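Participant: Next input, structure requested:
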Amino acid sequence: VLAMLFAYADYRTIAVESRLIEEMRESENRFRKLVELSPEPIVVHSEGKLIFVNEACLKMVGVENKELVLGKSILDFVPPSFQPIVKERIHHMMQGGNAAPIEQQFIKPDGTLIDVEVTGAQMKFEGKPAIQLILRDITLEKKIRVELETSEQRYQSLFAYNPDGVFSMDHEGRMLNVNNAIMDLIGYTREEFIGITFHALVAPPYLPDAVEHFNQTLLGFTQNYELQCIRKDGEWIYLHITNLPIKIDGEIIGVYGIAKNITKEKEALQLMEENEEKYRSLFENNLDAVFEIALDGSFKNVNKRGEK
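Facilitator: The predicted structure is shown next:
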């Protein structure tokens, strides 16, 4: 009887183990089907060796035959500069921890580098401890990001170091940003500038024209004009203004302004005009005959006394 009981117990144990093995195989088959069809590149490595890659991963690295990558060390595809952190993450995951997404580089079989975002976790694969990695090719995304950052830095450099005053305004003419040159020019601090509209800075006689130029810029037309601006200390200065539309995705969202101080030029021109007027008055009203002679000896001009 005992022999029969032990035999039955062994049978039950074997049956349970067989069922568990079968369920595990079915689970692994479901996993394989799921990850094979996944649009995300997925790899599984155990003891540092690649034991599974899906079609999306092969497509990402430009390989058709899995045998070209299976069995290789995961570190064969990691640049030396990233290997210390990858080894640390592998150790962390093998201890049961999850690895948050990180950005790193990946060496394709042809030797080219791509930028990838990697997320990983520990798992069981074919009964062995393993690590599953989900990859996302961010090469183009990172290139665009770098180009945008470079463009932004160039813009900021042009904005910040421009010797002329540069400012940006919203649809209402409120100041959004100003460079140091415009602060020096008008005498306001950045905090005082931000939020005020250009209406408060333009001398009243020039305000209607300034508003019209601003509205034309919002319609997409670059504007060049002159006006007088009132500094914080009350001084009126002449400025040459260029307005440019700020266009994002085809929509005008505001106006850039470039202000050049032309007060000295205006004053010099006014002085020249005054001197010309004084000269003409002296020339015409002189009691003596006054005339101008060209280098070739011909008369260029003569006053009324000279005509007589």
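Participant: Check which element follows the least confident helix or strand in the chain by mean pLDDT along the chain.
Facilitator: One helix or strand of the chain scores below all others by mean pLDDT, DSSP states H and E: helix 2-37, with a mean of 58. Next helix or strand after helix 2-37 toward the C-terminus (DSSP states H and E): strand 42-46.
Participant: Now find how far off-centre the next helix-or-strand element following that following strand is within its chain.
Facilitator: Remark: after strand 42-46, the chain's next helix or strand is strand 49-53, criterion DSSP H and E. Relative to its chain's centre, strand 49-53 lies at 38 Å (C-alpha atoms, centre = their mean, to the nearest Å).
Participant: Tell me which residues are up against the very next helix or strand once past strand 49-53.
Facilitator: Once the chain leaves strand 49-53, the next helix or strand it forms, by DSSP H and E, is helix 55-61. Contact with helix 55-61 is made by 36, 38-43, 64, 66, 69, 106, 108-109, 114, 135, 137, as judged by C-beta atoms under 8 Å, 6 or more residues apart in numbering. (Glycine included, C-beta is placed from N, CA and C.)
Participant: Tell me the buried residues within these.
Facilitator: By neighbour count, with 16 or more other C-beta atoms under 10 Å, the contacts of helix 55-61 hold 41-43, 69, 106, 114, 135, 137 as buried.
Participant: follow-up on the earlier one: out of the contacts of helix 55-61, which one has the lowest pLDDT?
Facilitator: Among the contacts of helix 55-61, E36 has the lowest pLDDT, at 74.
Participant: How much space separates the nearest residue to V63 once chain neighbours are set aside from F52?
Facilitator: In space, and not counting its chain neighbours, V63 is closest to P109: 5.5 Å by C-beta to C-beta, 6 or more residues apart in numbering. Here P109 is placed at a distance of 17 Å from F52 (C-beta to C-beta, to the nearest Å).
Participant: Against I85, how distant is V78?
Facilitator: 9 Å.
Participant: shared neighbours, those two?
Facilitator: Each of Q104 lies in contact with both V78 and I85 under the rule C-beta under 8 Å, 6+ apart.
Participant: Tell me the secondary structure at S151.
Facilitator: Following DSSP: H, G, I helix; E, B strand; the rest coil, S151 is assigned to helix.
Participant: Give me the neighbour count for it.
Facilitator: Neighbourhood size, S151 [other C-beta atoms under 10 Å]: 10.
Participant: and the one helix or strand Q228 maps to, what other elements does it pack with?
Facilitator: Following DSSP H and E, one finds Q228 within strand 223-230. Counting contacts by 3 or more C-beta pairs under 8 Å, 6 or more residues apart in numbering; DSSP states H and E, strand 223-230 packs against helix 207-218, strand 236-248.
Participant: Quick one: residues contacting N162.
Facilitator: Contacts here follow C-beta under 8 Å, 6+ apart; on that basis N162 touches 179, 181, 258.
Participant: Pick out whichever of the residues you listed sits closest to H171.
Facilitator: When the contacts of N162 are ranked by distance to H171 (C-beta to C-beta), I258 comes first, at 18.9 Å.
Participant: residues touching N54, list them.
Facilitator: Taking C-beta under 8 Å, 6+ apart, we find N54 in contact with 35-36, 38, 41-43.
Participant: for the contacts of helix 55-61, which one is nearest G220?
Facilitator: Out of the contacts of helix 55-61, the member with the shortest distance to G220 (by C-beta to C-beta) is D137, at 38.4 Å.
Participant: Next, find the distance separating the closest residue to that closest one other than its chain neighbours from I196.
Facilitator: Computed as C-beta to C-beta, 6+ apart, the closest residue to D137 that is not its neighbour in sequence is M60, at 5.3 Å. Distance, M60 to I196, using C-beta to C-beta: 53 Å.
Participant: Tell me which of these two has more neighbours.
Facilitator: For the pair M60 and I196, the greater number of neighbours falls to M60 (20 against 13), based on other C-beta under 10 Å.
Participant: Give me the pLDDT value at the more buried one.
Facilitator: 91.
Participant: could I get the contacts of N54 as TSV with distance to M175?
Facilitator: Formatted as TSV, the contacts of N54 follow (distance: C-beta to C-beta, whole Å):
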residue	distance to M175
V35	54
E36	57
S38	51
P41	48
I42	51
V43	53
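Participant: Dead centre of the chain: give me the residue that sits there.
Facilitator: In the chain, the residue lying closest to the centroid (C-alpha atoms, centre = their mean) is L148, at 3.0 Å.
Participant: Contacts for whatever helix or strand it lives in, please.
Facilitator: Secondary structure assignment for L148, by DSSP H and E: helix 139-161. Identification of contacts with helix 139-161 by C-beta under 8 Å, 6+ apart yields 103, 114-116, 166, 177, 179-180.
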